[in-house]
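S.K.: Pasting a predicted model and its sequence here:
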Amino acid sequence: MPTKRFDQARPFLTLGLVVAVWLLLPVVLKTFARASFFELTAPVTIAASRIRDLQEFWSLRLHSKSELIEAGRDLARLNSSYEMAVQQNAELRTEIARLENVLRLPSFQEYRYEHARVARRDFSGWWQRIVIRKGRNFGIPVGAPVVFTGGVVGRVSEVHLTTSVVDLISNPGVRLAGVIEGDPLGRPISFQGGVNPTFAPPTGIVEFVPLDIIATPQSPKRLVTSGLGGVFPPGLSLGTITKAELGSDGLFKSGEIKLDERLGSVSEVTVLVPLTPGTD
Amino acid sequence: MRRIAVIFAGQLLLWLIMAELNHLLTGTRVYLFVAALYVVHGAMLQPWRAGFTASLLAGLLCDSTSPVVFGTHLVLFAAAHVAVFHLRDRLPREDVAGNVVVMLLVNLGLFIVFSFTQVHHSPAPGAAWLRLAVDLLCSQVFIALVTPWFFALQARALVLAQVERENFA
């Protein structure tokens, strides 16, 4: 009879033992276990991503020659306008460098652009993140800003051997400072990733909005990065504030910001790797 | 040992399929949560040691790829495994419909407990529950559809690996 009782209690005793061992296990071993299991899945994730790329390649091959000619023509037009922008950019950089020298201002942070394919998107109600196909092998650092054509994507939160994990700006844990585009005073506004409702674009929350800022769905205000904190360069698009209402303290407004819908299907991003002085 | 490896291989395949499916669903902002699939087969049909070890490994696998405190899935899966294993003699183990019902109940429990551990990160927890409710509904429908396939896959893999005999499959 006692043997039978012990057999019945054995699963619970084992569970208690597992929990106790887990709580007492040194952090080093837990970190090692986490990294090991992640690296176990990394080749699977990358292989699946490459298969998707191959699938896309073969589907693109089905396009007719006339479609390709049209696409080439459109690209040529885009290239010519970008070439003009590049020339203007070079002139502006020279002007900035001249003004920095004259006024003895500290120069802006320089970045190296590392383009990366998205291997996996993982958007749940609890977190929003992507895995990209570049990691320590390309010198990606933790905390580096990540951008795409629609503006800011997020920030690198984990770096592994051949992959990195990026927390999206729609992730509830991501907070950063932004400014309203065109605000002459450049007053900082707090941005936080928010609730991401089903079948709707991602949203975020803005706080400490100055009282004179009026934002409605009819006249939204564009929020860009402020450059404060030194992580994100200034002027990158975060989204559009569609609602700003007086907060409970009566000193500032709080509201909702609509993020770029393309975040949900992002497949290519650029990591801005900060350059320390003296490196290329 | 071989039994554990075969069960874990099936769980790894399930993880890959779910990762790809959730990747494709990101445009619609729907997320499928299928934690019970990692646990229930081992708890209902496998010997204690092999099933429990496989559940722990699956918990570590999910922990390593999620931004949660490392060990969250491990403890949840272990607790769910023990609960199902304790009750399995009183559950209809050979009946597909019975397995599906157990799977749905376990997934519901895991989803609710996991949500309570994570929802405090949200700036608007009240609004977050609406999204989570939709995710739960979609996950339950998905689980009801794939449970028979996953049980059959695990059974067939165990036969192919010569861990079990054909009549058990």
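M.R.: Cool, got the structure.
S.K.: mind listing what the closest residue to chain A within chain B touches?
M.R.: Closest residue of chain B to chain A, C-beta to the nearest C-beta: residue B:64 (3.5 Å). Heads up, the C-betas are built off the backbone N, CA and C, glycines and all. Counting by C-beta atoms under 8 Å, 6 or more residues apart in numbering or on different chains, residue B:64 makes contact with A:33-38, A:40-41, B:70.
S.K.: Pull the number of nearby residues for residue A:254.
M.R.: Applying other C-beta atoms under 10 Å in any protein chain shown, we find 18 residues neighbouring residue A:254.
S.K.: Can you tell me the closest non-neighbouring residue to the residue of chain B closest to chain A?
M.R.: The shortest distance from residue B:64 to any non-neighbouring residue, by C-beta to C-beta, 6 or more residues apart in numbering or on different chains, is to residue A:37 (3.5 Å).
S.K.: Neighbours of that neighbour, how many?
M.R.: Neighbour count for residue A:37, taken as other C-beta under 10 Å: 19.
S.K.: Is it correct that it falls within a helix?
M.R.: Yes: Residue A:37: assigned to a helix according to DSSP: H, G, I helix; E, B strand; the rest coil.
S.K.: Surely it touches residue B:62?
M.R.: No: with contact defined as C-beta atoms under 8 Å, residue A:37 does not reach residue B:62; the gap is 9.0 Å.
S.K.: partners of residue A:205 in the sheet?
M.R.: Counting by DSSP bridges, residue A:205 forms beta bridges with residue A:192, residue A:256.
S.K.: what comes into contact with the least confident helix or strand in chain A by mean pLDDT?
M.R.: Lowest on mean pLDDT, DSSP states H and E among the helices and strands of chain A sits helix A:2-24, with a mean of 80. Here helix A:2-24 makes contact (C-beta under 8 Å, 6+ apart) with B:48, B:52, B:56, B:71, B:74-75, B:78-79, B:81-82, B:85-86.
S.K.: So which of those reach chain A?
M.R.: Residues of the contacts of helix A:2-24 in contact with chain A (C-beta under 8 Å from any C-beta of the partner chain): B:48, B:52, B:56, B:71, B:74-75, B:78-79, B:81-82, B:85-86.
S.K.: In three-state terms, label residue A:233 for me.
M.R.: coil.
S.K.: Look up how far chain B lies from the nearest residue to it once chain neighbours are set aside.
M.R.: Among residues not flanking residue A:233 along the chain, residue A:227 sits closest, at 6.1 Å (C-beta to C-beta, 6+ apart). Per C-beta to the nearest C-beta, to the nearest Å, residue A:227 is found 23 Å from chain B.
S.K.: Might you report the residue contacts of residue A:227?
M.R.: So residue A:227 contacts A:108, A:233-235 (C-beta under 8 Å, 6+ apart).
S.K.: Is it located within a helix, as I assumed?
M.R.: No: applying three-state DSSP, one finds residue A:227 to be coil, outside a helix.
S.K.: Do me a favour and get the backbone dihedrals for it.
M.R.: When read as degrees, to the nearest 10, the backbone of residue A:227 gives phi 90, psi -10.
S.K.: now the single longest helix found in chain B: how far from the chain's centre is it?
M.R.: Of all segments of type helix in chain B, defined using DSSP state H, the longest is helix B:125-160. Taking C-alpha atoms, centre = their mean, to the nearest Å, one finds the center of helix B:125-160 at 7 Å from the center of the full chain.
S.K.: ok, now stretch A:11-27?
M.R.: With C-alpha atoms, centre = their mean, you get 36 Å for stretch A:11-27.
S.K.: Can you give me the neighbour number for residue A:121?
M.R.: So residue A:121, with other C-beta under 10 Å, has 23 neighbours.
S.K.: Please list all residues in contact with the nearest residue to it once chain neighbours are set aside.
M.R.: With sequence-adjacent residues excluded and distances taken as C-beta to C-beta, 6+ apart, residue A:121 is closest to residue B:26, at 4.3 Å. By C-beta under 8 Å, 6+ apart, the residues touching residue B:26 are A:121-123, A:264-265.
S.K.: where does the chain dip in pLDDT?
M.R.: Since no chain was named, I'll use chain A. Across chain A, residues meeting the criterion (pLDDT under 70) sit at A:1-6, A:277-280.
S.K.: right idea, wrong chain: chain B
M.R.: For chain B, counting by pLDDT under 70, the residues that fall below are B:166-169.
S.K.: same thing but 90
M.R.: B:1-3, B:27-29, B:41-42, B:44-50, B:68-71, B:86-99, B:117-131, B:154-155, B:158-169 (pLDDT under 90).
S.K.: Distance check, the one residue in the stretch 1-150 of chain A that gets nearest to chain B against residue A:103.
M.R.: Residue of the stretch 1-150 of chain A nearest chain B, by C-beta to the nearest C-beta: residue A:37 (3.5 Å). In this view, residue A:37 and residue A:103 are 52 Å apart by C-beta to C-beta, to the nearest Å.
S.K.: Also residue A:132?
M.R.: With C-beta to C-beta as the criterion, residue A:132 and residue A:103 are 38 Å apart.
S.K.: what about the two, which has more around it?
M.R.: Using other C-beta under 10 Å as the criterion, residue A:132 and residue A:103 rank with residue A:132 on top: 27 against 7.
S.K.: give me phi/psi at that one?
M.R.: Per degrees, to the nearest 10, the backbone of residue A:132 is at phi -110, psi 160.
S.K.: need the contact list for it.
M.R.: Listed by C-beta under 8 Å, 6+ apart, the contact partners of residue A:132 are A:116-119, A:146, A:163-166, A:269, A:271.
S.K.: Which ones among these map onto strands?
M.R.: Secondary structure of these is defined by DSSP state E; positions in strands are A:116-119, A:146, A:164-166, A:269, A:271.
S.K.: sorry, back to before: which ChimeraX command selects the buried ones in the contacts of residue B:64?
M.R.: One line in ChimeraX is enough to select the buried members of the contacts of residue B:64, burial here meaning 16 or more other C-beta atoms under 10 Å in any protein chain shown:
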select /A:33,34,37,38,41 /B:70
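S.K.: Put together TSV for the contacts of residue B:64, with distance to residue A:99 on each row.
M.R.: Converted to TSV, the contacts of residue B:64 look like this (distance: C-beta to C-beta, whole Å):
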residue	distance to residue A:99
A:33	52
A:34	47
A:35	46
A:36	51
A:37	51
A:38	46
A:40	52
A:41	49
B:70	49
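S.K.: Of the contacts of helix A:2-24, which is the most crowded?
M.R.: Counting by other C-beta under 10 Å, top hit in the contacts of helix A:2-24: residue B:81 with 30 neighbours.
S.K.: For residue B:55, see how far away that one is.
M.R.: Taken as C-beta to C-beta, the span from residue B:81 to residue B:55 is 4 Å.
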